[in-house]
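In: Kindly generate the corresponding structure for this input.
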Amino acid sequence: MKLTENQIDELFKFTRKHYVYHYDVQSELVDHLANDIEEIWQENSNLTFEQARDSSFKKFGIFGFMNVVEAKQKQMNKRYLTIMWRFFREWFSFPKLVTTLGVFLLFFCILKMPYAKYILLSLLFILVVFDLRKQTIARKSHKIKTIKKKKIFLLEEMITGARNSFSGLLFVNVFNSMNAFRVSFNSMENHWLLLISFSLTVVVLLFYVTGFLIPQKAEELLQETYPEYKMVKSD
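Out: Here you go, the predicted structure:
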């Protein structure tokens, strides 16, 4: 006995009711549940759809779908880190290496100035304002998707979430690090200034990759990761 389309829809609602929010995870679970329900019916065709569904769900144990969700999150975390590293390392290969060296030299020159700390704090403030605006737009877009009950993929949410969390950590840590220095940057030896310049360059590149480049490429990355994404988007 095969499941009907209505019963498949009910399984999607069932996974959502049990705190599975992302369409890709829901799809995997629905596929598993559907196959298992059909096997259960082969053994006992007298069971109703709800009874067979609940029997299948019990096999997941007391934590329900939690273990499946965690496994999928780990998989997508690895995927996201791979994507981030792919875009990040491009900035250390020609021709983007020229821009990277330009940013590095700019920081080195700023650090040699008498008021380097205040210049860097001003740049940080500008970045904070600009980034907050981008985050607000992204949150509104996500809220509209949620209200309209559009399908959201785990990697899609991870791209937004990683961007926001990285930005917050970046700004707080850079601000605290600069305030921790009790001496002027321009009084430090060159090898320290080179190290600080390199660190700031890496931080800026990570911020650009996670905050701008990956979100800009989100659609392409989602289609690359999920073969069904294009089909879902056209619904």
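
In: which residue of the protein sits farthest from its center?
Out: Most distant residue from the mean C-alpha position of the chain: Asn46, 44.9 Å away (Cα atoms, centre = their mean).

In: so is it in a helix, a strand, or just coil?
Out: Taking DSSP: H, G, I helix; E, B strand; the rest coil as the rule, one finds Asn46 in the coil state.

In: Please list all residues in contact with it.
Out: Shown in contact with Asn46 (Cβ atoms under 8 Å, 6 or more residues apart in numbering): no residues. For every residue, glycine as well, the C-beta is placed using N, CA and C.

In: Tell me how far it lies from Phe185.
Out: Applying Cβ to Cβ, to the nearest Å, the value for Asn46 to Phe185 is 79 Å.

In: Repeat that for Thr225.
Out: Counting by Cβ to Cβ, the gap from Thr225 to Phe185 is 42 Å.

In: isn't Gln223 right up against Lys230?
Out: Yes - counting by Cβ atoms under 8 Å, Gln223 touches Lys230, with 5.5 Å between them.

In: Thr225 and Phe185 - which one has more neighbours?
Out: Ranked by neighbour count (other Cβ atoms under 10 Å), Thr225 and Phe185 place Phe185 first, with 21 against 17.

In: what pLDDT does that one get?
Out: On pLDDT, Phe185 comes in at 77.

In: can you check Asn164 too?
Out: 64.

In: Domain boundaries for the chain, per the record?
Out: 5-64, 93-233 (automatic domain parsing).

In: how far out from the middle of the chain is the longest one?
Out: Per Cα atoms, centre = their mean, to the nearest Å, the displacement of domain 93-233 from the mean C-alpha position of its chain is 13 Å.

In: where does the protein have low pLDDT?
Out: 162-183, 231-235 (pLDDT under 70).

In: Roughly how far does Tyr80 sit from Gly102?
Out: Using Cβ to Cβ, we find Tyr80 at a distance of 28 Å from Gly102.

In: Tell me the helices and strands packed up against the longest helix along the chain.
Out: Secondary structure of the chain read by DSSP state H shows that its longest helix is helix 116-147. When contacts are defined as 3 or more Cβ pairs under 8 Å, 6 or more residues apart in numbering; DSSP states H and E, helix 116-147 sits against helix 96-111, helix 154-180.
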